[in-house]
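Asker: The following block contains a protein sequence and its predicted model.
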Amino acid sequence: MSKILLPNTKLFINNEWVESISGKKFKTFNPVNEELICEVSEGDKADVDIAVKAARNALENGEWGKMTSEDRGRIILKFANLIEKHKDNLAILETLDNGKPLTASKGYDITQSEKTLRYFGGWADKIQGKTIPISNEYTSMTRHEPIGVVALIVAWNYPCMLLCWKLGPALAAGCTIVAKPSEFTPLTALYLCDLIKEAGFPPGVFNLVNGFGSTVGNALSHHMDIDKISFTGSTITGRLIMEGAAKSNLKPVTLELGGKSPNIFFNDCDVNHIAKCAKDYVFSNSMQSCCAPTRFFVQENIYEAFLQIFTEKIKQLKVGDPYDNDTHLGPLVSKQQHDRVLGYIEKGKSEGATCHLGGGNYHHADGKGYFVQPTIFTNVTDNMTICKEEIFGPVVVILPFKTVDEVIKRANDSTYGLAAGIWTKDISLALNVSNKLKSGSVWINEYYSIMPSIPFGGYKQSGIGRDLSEYAIQSYLSIKAVTISHKTLYAQQN
Ligand code: NDP
């Protein structure tokens, strides 16, 4: 592993590193060995106010608001190039702070961050309004204007990537930004700040205030001078953010929240897929993913074979040092998350489910670190806690089913609706089932097909609005209708 280059750990406002007003700091820890990585400046409401003023000024009086959309796109693309150039260090930092395997940090998180910015950089000069035909007496058109100053609050599971998912459309639309990373994983967001400055974004376009949800996050959601808020995290916090928006200036919200996603295997599916999915993706990021496939529905004829192949493959997954190229699962992000997941495992056992594989701590080298074994539950009923609630750790439940109608009903029996997988050779069956699933994403004969050009977001309590794609840009725009009457002129001339 190359040498780790830590970022500056202050607040980033107006393209400058500044101490928080209180001078307070919080600590960020390495989840592999529980050791301190560094201390980070802790912002508060007063720092948020300064950052919002900087963002407002950059929008209304600065160079950014006057810039052509082509130039805006060029700077976003330069930012993407810089992420590519710094990929190795960004990936090492992500693994250090979050614990995910380095192969995933580099091959997925940072690569997706770069690709997302590249995609939205290309959009900057293609955002345009419409002309609306009314009659010869009117000309009406829409202008798509940046919505204004936006707050971006992201979680710790994909710290760099989630921020870039929101930064891309916000910047392409011409907004200015105040961002808050999770206090558990601030390092890659901090590292991006210097790249933002180097790419040529004028001062105040991007500002970052580290700190806690209850202080910085709360100040952002209640702020009277923030025009929009985009959040990724838990449904509970999503509600608080919406409440803050409602109690302040009614700012629109985009919420990307939790999930309890079904993954449906029909009798005719290719069994090789079972083995492949078990190895390649089911436990990726230790299932700390909002759209993780947590409820496996397996049709009765293949249930026994499925369970056998799947279990054998999961047994081969390597848990351990995230810097080792062969590792599939690193530690969970924090002690809090580790204890919460183990709590769910105990709940599953006490409610009568069978713990078929795993089900406890994974003891790494010196007994340190927040590791949990990949865990499979069988004999689960749909109303058990482990089948209803988002666990956000390496735990799947395997549920047999008989008929198509039955599985649709059971898959939809959730307060969430983020993603779903369907596995079958019968494309007509797949499409019919897909039409009936109440889910923001449906993946057929694959899972996690997430790409910058495809919208991502939830039905029901999985969220409001969409990240990624052209749809995401729309939520960072205000639509102004300009209507010109030439009735009088027309009448006079005729
Ligand atoms: P949170 O939803 O609390 O955290 C996500 C982000 O929101 C963090 O930056 C956090 O700040 C911030 N935040 C917290 N409280 C507020 C608030 N009142 N106002 C504004 N922002 C706030 O998730 P947790 O870290 O607590 O994780 C708990 C559970 O949530 C997980 O076990 C998992 O089930 C779920 N989760 C789901 C995610 C998803 O992608 N769907 C992502 C992360 C978690 P900070 O942490 O710095 O205090």
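Answerer: That came through fine. Numbers count the residues shown, from 1 in each chain.

Asker: The residue nearest to I50 when sequence neighbours are not counted: how many residues sit nearby?
Answerer: Closest residue in space to I50, ignoring its immediate chain neighbours: I13 at 5.9 Å, by C-beta to C-beta, 6 or more residues apart in numbering. The way it works is simple: take the backbone N, C-alpha and C, and place the C-beta from them, glycine included. I13 has 24 neighbours, counted by other C-beta atoms under 10 Å.

Asker: Tell me where the model's unsure across the protein.
Answerer: In the predicted model, the chain carries pLDDT under 70 at residues 1-2, 489-494.

Asker: For the spatially most central residue of it, give its distance to the ligand.
Answerer: Nearest to the mean C-alpha position of the chain, by C-alpha atoms, centre = their mean, lies L162 at 4.2 Å. Using C-beta to the nearest ligand atom, to the nearest Å, L162 is found at 8 Å from the ligand.

Asker: Quick one: residues contacting that residue.
Answerer: L162 sits next to V154, A155, T232, E256 when contact means C-beta atoms under 8 Å, 6 or more residues apart in numbering.

Asker: ok, of those, which one's closest to the ligand?
Answerer: Checking the contacts of L162 against the ligand by C-beta to the nearest ligand atom gives A155 as the nearest, at 3.3 Å.

Asker: Can you list phi and psi of D467 for me?
Answerer: Dihedral pair for D467: phi -90, psi 160, per degrees, to the nearest 10.

Asker: pretty sure it contacts T254?
Answerer: Yes: taking contact to mean C-beta atoms under 8 Å, the distance of 7.2 Å between D467 and T254 places them in contact.

Asker: what touches both of those two?
Answerer: Joint contacts of D467 and T254 (C-beta under 8 Å, 6+ apart) are K166, S230, G457.

Asker: helix or strand for the second one, which one?
Answerer: Put plainly, it is S230. Using DSSP states H and E, the element containing S230 is strand 228-232.

Asker: by contact count, what packs against that strand?
Answerer: strand 149-153, helix 159-173, helix 235-247, strand 253-256 (3 or more C-beta pairs under 8 Å, 6 or more residues apart in numbering; DSSP states H and E).

Asker: Quickly run through the sheet partners of the shortest one, with directions.
Answerer: By that I understand strand 253-256. With DSSP bridges as the test, strand 253-256 is paired with strand 228-232 (parallel), strand 463-464 (antiparallel).

Asker: ranges for the strands of the stretch 301-450 of the chain?
Answerer: 354-357, 375-378, 395-401, 416-417, 419-423, 441-444 (DSSP state E, counting those that start in this stretch).

Asker: Now the phi/psi pair for N157, please.
Answerer: Dihedral angles (degrees, to the nearest 10) for N157: phi -80, psi -30.

Asker: What about it, how many residues nearby?
Answerer: Number of residues near N157 (other C-beta under 10 Å) recorded here: 26.

Asker: re earlier: which one of the contacts of L162 has the most neighbours?
Answerer: E256 (29 neighbours).

Asker: how close does the nearest residue to that one once chain neighbours are set aside sit to G440?
Answerer: Nearest non-adjacent residue to E256, counting by C-beta to C-beta, 6+ apart: T232, 4.3 Å away. Between T232 and G440 the computed distance is 13 Å (C-beta to C-beta, to the nearest Å).

Asker: Just the C-alphas of stretch 474-481, formatted as PDB.
Answerer: This file holds the C-alpha atoms of stretch 474-481, laid out as PDB (Å, rounded to 0.1, in the frame of the first residue of the first chain):
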ATOM      1  CA  GLN A 474     -34.400  18.800 -12.600                       C
ATOM      2  CA  SER A 475     -34.500  18.900  -8.800                       C
ATOM      3  CA  TYR A 476     -31.700  21.500  -8.700                       C
ATOM      4  CA  LEU A 477     -33.600  23.800 -11.000                       C
ATOM      5  CA  SER A 478     -36.300  26.400 -10.700                       C
ATOM      6  CA  ILE A 479     -38.500  26.700 -13.700                       C
ATOM      7  CA  LYS A 480     -39.500  30.200 -14.700                       C
ATOM      8  CA  ALA A 481     -42.200  30.700 -17.300                       C
END
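
Asker: Now do the buried residues in it.
Answerer: Across stretch 474-481, burial judged by 16 or more other C-beta atoms under 10 Å covers Q474, S475, Y476, L477.
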